[in-house]
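Asks: Everything below, folded, please.
(2 chains)
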Amino acid sequence: MKSEESESPQDDVSVATMKDRRQQMELTFPSDFKYLGAVDAAIQDLAREFAFSQSSINDLSAALIEACSNAIEHGNKFSKRKRVRVVLGFNGGSLSACVFDQGAGFDYNKLLGRSLPPEPISERGRGLMIMQAFTDELNFKYVAKKGLCVELVKVDKDSTTKAEGGEAG
Amino acid sequence: MKITQREVGNAVILDLNGKLTGGPDAETFREVFKSLIDRGKKNIVVNLEKVSWINSTGLGILISGYTSVRRGGGDLVIMHASDRIESILYVTKLNLLFKSYESEESALTAFDEK
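Replies: Alright, predicted model coming up:
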């Protein structure tokens, strides 16, 4: 399914599902916080399909919402013409999410080197803490022709044995 | 995000409904807190019962409200935070800043202690 600029609300969010040995789903949406609810719903549904525990789902969702918030605000700078793309993948007991924006990129080494936490009453600077705390892996990497990907990986210790009992979806 | 205000005793309870994510919500909150402080309302309870989740920008909104109220000599506490929200407060260490209560009755006692 293509994700194209559209004026009609029903076309604002596009979802594509591709099934192969590694289950994947893509979600593309405009740079607006109001679409974060759709991101939460998507990860909740997908993770349940793969028998993830609710606590692991909530953890991954919190981290993913944060990564998407950053993509909307800092990557795409709320531009209505730019979109955020999320590629969700399930692979043997772990769920991964790659978040792409259409911004100019940033020096993520500088971000990772920043001292944490911020001042107690600072209104900013907690996004990285949330992404790190709720995932097993957090990677920033450039993907050729696609841009910067913020990759979040969550391993559900309980789901591996459950998923082996039957095929999901 | 919808915000409804109600006065109970010496406190104002803000009932939030929706997702606390920043954007236009930030300006709405600033106006609400400015209005409260202008009216001399210093004891604020933020009811998160109908807030399904929050991101770091939403945390910033709460901190901004907390700072405004504290500067005015008051306090801001939260109540009915879900497990999802409590865990985010914990990992960001904001559980040390915001007193969190499980019921309205107990939240209101925060202002009796002063």
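
Asks: Run through the residues of chain A sitting next to chain B.
Replies: Contacts of chain A with chain B, taken as Cβ under 8 Å from any Cβ of the partner chain, map to A:32-34, A:36-37, A:40, A:58-59, A:61-62, A:65-66, A:69, A:73, A:78, A:117, A:120-127, A:129-130, A:133-134. Where you see a C-beta, it was placed from the backbone N, CA and C, and this is true even at glycine.

Asks: Retrieve the pLDDT associated with residue 38.
Replies: All of this is about chain A. Among the per-residue scores, residue A:38 shows a pLDDT of 92.

Asks: please go with chain B instead
Replies: 91.

Asks: Need phi/psi at it.
Replies: phi -60, psi -30 (degrees, to the nearest 10).

Asks: The closest residue to residue A:48 other than its chain neighbours: which element?
Replies: Of all residues not flanking residue A:48 in the chain, residue A:57 sits nearest, at 6.8 Å (Cβ to Cβ, 6 or more residues apart in numbering or on different chains). Residue A:57 belongs to helix A:54-70 when assigned by DSSP states H and E.

Asks: now do residue B:49
Replies: Assessed by DSSP H and E, residue B:49 sits inside strand B:43-54.

Asks: just for chain A, where's the confidence low?
Replies: Scanning chain A for pLDDT under 70 picks out the ranges A:1-11, A:14-22, A:106-117, A:158-169.

Asks: mind redoing it with 90?
Replies: Applying pLDDT under 90 to chain A picks out residues A:1-25, A:45-55, A:74-75, A:80, A:89-93, A:103-126, A:141-148, A:156-169.

Asks: With chain B as the reference, measure out to the closest residue to residue A:79 other than its chain neighbours.
Replies: Nearest non-adjacent residue to residue A:79, counting by Cβ to Cβ, 6+ apart: residue A:31, 5.5 Å away. For residue A:31, the distance to chain B (Cβ to the nearest Cβ, to the nearest Å) stands at 11 Å.

Asks: ok, back up a step: restricted to helices, list the residues of chain A next to chain B.
Replies: Counted as lying in helices by DSSP state H, out of the residues of chain A next to chain B, are A:36-37, A:40, A:58-59, A:61-62, A:65-66, A:69, A:127, A:129-130, A:133.

Asks: quick one, what contacts residue B:100?
Replies: Residue B:100 sits next to B:77, B:78, B:79, B:81, B:86, B:89 when contact means Cβ atoms under 8 Å, 6 or more residues apart in numbering or on different chains.

Asks: how close does the residue most central in space within chain A get to residue B:69?
Replies: In chain A, the centroid-proximal residue (Cα atoms, centre = their mean) is residue A:64; its distance is 3.8 Å. For residue A:64, the distance to residue B:69 (Cβ to Cβ, to the nearest Å) stands at 32 Å.

Asks: Also residue A:147?
Replies: 41 Å.

Asks: ok, and the closest non-adjacent residue to residue A:120?
Replies: Using Cβ to Cβ, 6+ apart, the nearest residue to residue A:120 is residue B:97, at 5.6 Å.
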